[in-house]
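Undergrad: Next one to model:
(one chain, ligands or ions: 1)
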Amino acid sequence: MKKIIQSPYDSIMPITQRPDLVFERGEGSYLFDDQGKRYLDWVQGWAVNCLGHSPKVLVDALVQQAETLINPSPAFYNRPALELARLLTKNSVFDHVFFANSGAEANEGAIKLARRWGQNHKNGAHEIITFGNSFHGRTLAAMSASGKPGWDCLFPPQMQGFPKATLNDIDSVQALLNDETVAVMLEPIQGEAGVISITGEFAHELMAFCDRNELLLIFDEVQTGCGRTGSLYAYQQFGIEPDIMTLGKGLGGGTPLSALLAKKEVSCFEPGDQGGTFCGNPLICAAGLAVMRIVEGESFLASVRETGYYFKTRLQLLSEKHGLGEVRGSGLLLALELGRDCACDVVDRARETGLLLNAPRAHSLRFMPALNISRSEIDEGIYVLSAILGEMMGERHCD
Ligand SMILES: *Cc1c(COP(=O)(O)O)cnc(C)c1O
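TA: Here you go, the predicted structure:
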């Protein structure tokens, strides 16, 4: 049978609503479509291009590694993986690293590791307390661990063993404790929920709760890690130590790299428990190494904090000017509460004007620019956003 192709987009599975645009080239904070139109990019591949589009260090590392060795198989050591693992453990409380290809896959690894630890130390306890509105990825176990509204009904049956507590409410965590509990897993700042942070008090209560009940504390830092919130990892801002942490997004600077990190005491996988064909391949680990050598620098992190503060201040002024709501977040993971359900409209209009934004909720915007964005690029985007908001408020479009 002859197939009739209607449009160039016909052969892509329609898993999300996409605008009819094809992006061709990226450079720093800017993206260019195939018509040559330029966009200031505050999405950056969903908070993954931490050094912006196609930074030279990353391109050079990829080219050089591609010419040298792409994949000897995960059954052998390779130099970039060894060096990146050394760097990640040197600057954190963790001792061992398992590399994977996506945040969801790293979280699957964390769940498996906790269950293995429960088999070894807690009579097979396997329940992991997670939180309402959390996001841990799109594999079946990660979806079951997530508290994203509606996800429990999408692909039934859900995987068992992920009771949901309420963020910043230690009593709600305590209420779920039983003999089967092995761990608590959370994002220090819930990104997809709209940039909602745990409080310092809750972090300490949770740490004490886990200590008292011999439970593992798992931080999903897929979004908050790798400098995004102004410290290398967000847990460092709370003065606590998780047992397990997952990284993704910014780790590969736009290339598919994630990691599961664990303290030695809980790193209990036996040979055969965990693996993956592409896991720890030298091509992508070389990319991660090039990115993390820059991101871990104290002056780089200081500049993320300063730029983040500048961005936040500009958003606060914007909010006052247009009578909007709260500005949340830290470092360069920020959100603006609009106070009404018009975020998607703002995103569409901004894109037409050449500014790429994200709306994690119908009433809020999220900002996840490159970590090396300049002040003038921030000013440029704020100017565009202010004009759009002014127009929309004038039209009373937003009520
Ligand atoms: C994006 C994200 C994930 C999923 O990562 P993928 O690479 O899309 O699988 C998991 N956890 C958090 C906190 C995230 O922000």
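
Undergrad: give the contact list for the residue in the chain that the ligand sits nearest to.
TA: Residue nearest to the ligand within the chain: Gly103 (2.2 Å; C-beta to the nearest ligand atom). Placement of C-beta: from N, CA and C, glycine included. Listed by C-beta atoms under 8 Å, 6 or more residues apart in numbering, the contact partners of Gly103 are His136, Gly137, Asp220, Val222, Gln223, Thr246, Gly248, Lys249, Ser258.

Undergrad: switch to 10 Å and redo it
TA: Residues near Gly103 by C-beta atoms under 10 Å, 6 or more residues apart in numbering: 48, 135-139, 142, 220-223, 225, 246-249, 251, 256, 258-259.

Undergrad: Buried among these? Need that as a selection in PyMOL.
TA: Per 16 or more other C-beta atoms under 10 Å, the buried members of those correspond to this PyMOL selection:
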select buried, resi 48+135+136+137+139+142+220+221+222+223+225+246+247+248+249+251+256+258+259
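
Undergrad: just the residues of the protein that are near the ligand, which are they?
TA: 102-104, 107, 135-137, 187, 191-192, 220, 222-223, 248-249 (C-beta under 6 Å from any ligand atom).

Undergrad: can you rerun that using 5 Å?
TA: Within reach of the ligand by C-beta under 5 Å from any ligand atom, the chain has these residues: Ser102, Gly103, Ala104, His136, Gly137, Glu187, Gly191, Asp220, Val222, Gln223, Gly248.

Undergrad: Mind checking which of these land in strands?
TA: Asp220 (DSSP state E).

Undergrad: Tell me how far stretch 109-118 lies from the chain's centre.
TA: 21 Å (C-alpha atoms, centre = their mean, to the nearest Å).

Undergrad: cool, stretch 103-115 as well?
TA: Distance, centroid of stretch 103-115 to centroid of chain: 15 Å (C-alpha atoms, centre = their mean).

Undergrad: for that stretch, what is the average pLDDT?
TA: Averaging the model's pLDDT scores along stretch 103-115 yields 98.

Undergrad: That one: which residues count as buried?
TA: Buried, per 16+ other C-beta under 10 Å, within stretch 103-115: Gly103, Ala104, Glu105, Ala106, Asn107, Glu108, Gly109, Ala110, Ile111, Leu113, Ala114, Arg115.

Undergrad: Adding secondary structure as columns, could you present those residues in JSON lines?
TA: Formatted as JSON lines, these follow (DSSP: H, G, I helix; E, B strand; the rest coil):
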{"residue": "Gly103", "secondary structure": "helix"}
{"residue": "Ala104", "secondary structure": "helix"}
{"residue": "Glu105", "secondary structure": "helix"}
{"residue": "Ala106", "secondary structure": "helix"}
{"residue": "Asn107", "secondary structure": "helix"}
{"residue": "Glu108", "secondary structure": "helix"}
{"residue": "Gly109", "secondary structure": "helix"}
{"residue": "Ala110", "secondary structure": "helix"}
{"residue": "Ile111", "secondary structure": "helix"}
{"residue": "Leu113", "secondary structure": "helix"}
{"residue": "Ala114", "secondary structure": "helix"}
{"residue": "Arg115", "secondary structure": "helix"}
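
Undergrad: If we only consider the residues of the chain next to the ligand, which is nearest to Arg328?
TA: Checking those against Arg328 with C-beta to C-beta, the nearest one is Gly191 at 11.1 Å.

Undergrad: from what I can see that closest one touches Asp220, true?
TA: Yes: using C-beta atoms under 10 Å, Gly191 makes contact with Asp220 at a distance of 9.4 Å.

Undergrad: Find the residues that touch each one of these two.
TA: Ser134, Phe135.

Undergrad: So which elements touch the strand or helix carrying Leu318?
TA: In the assignment (DSSP states H and E), Leu318 maps to helix 298-322. Using 3 or more C-beta pairs under 10 Å, 6 or more residues apart in numbering; DSSP states H and E as the contact test, the elements touching helix 298-322 are helix 282-295, strand 327-330, strand 333-337, strand 364-367, helix 375-394.

Undergrad: redo that, cut-off 6 Å
TA: Under the contact definition 3 or more C-beta pairs under 6 Å, 6 or more residues apart in numbering; DSSP states H and E, helix 298-322 sits against strand 327-330, helix 375-394.

Undergrad: Pull out the buried residues from the longest one.
TA: Neighbour counts over helix 375-394 (16+ other C-beta under 10 Å) mark Glu377, Ile378, Gly381, Ile382, Val384, Leu385, Ile388, Leu389, Met392, Met393 as buried.

Undergrad: Nearest residue to the fourth one in space, please, no chain neighbours.
TA: Spatially, and ignoring its direct neighbours in sequence, Ile382 is nearest to Arg314 (4.8 Å; C-beta to C-beta, 6 or more residues apart in numbering).

Undergrad: Wait, that neighbour touches Gly381, no?
TA: No: counting by C-beta atoms under 6 Å, Arg314 sits too far from Gly381 to count as a contact (8.9 Å).

Undergrad: gap between the residue nearest to Ile382 and Glu320?
TA: 11 Å (C-beta to C-beta, to the nearest Å).

Undergrad: Let's test this: mean pLDDT of stretch 21-29, rounded?
TA: So the average pLDDT for stretch 21-29 ends up being 97.
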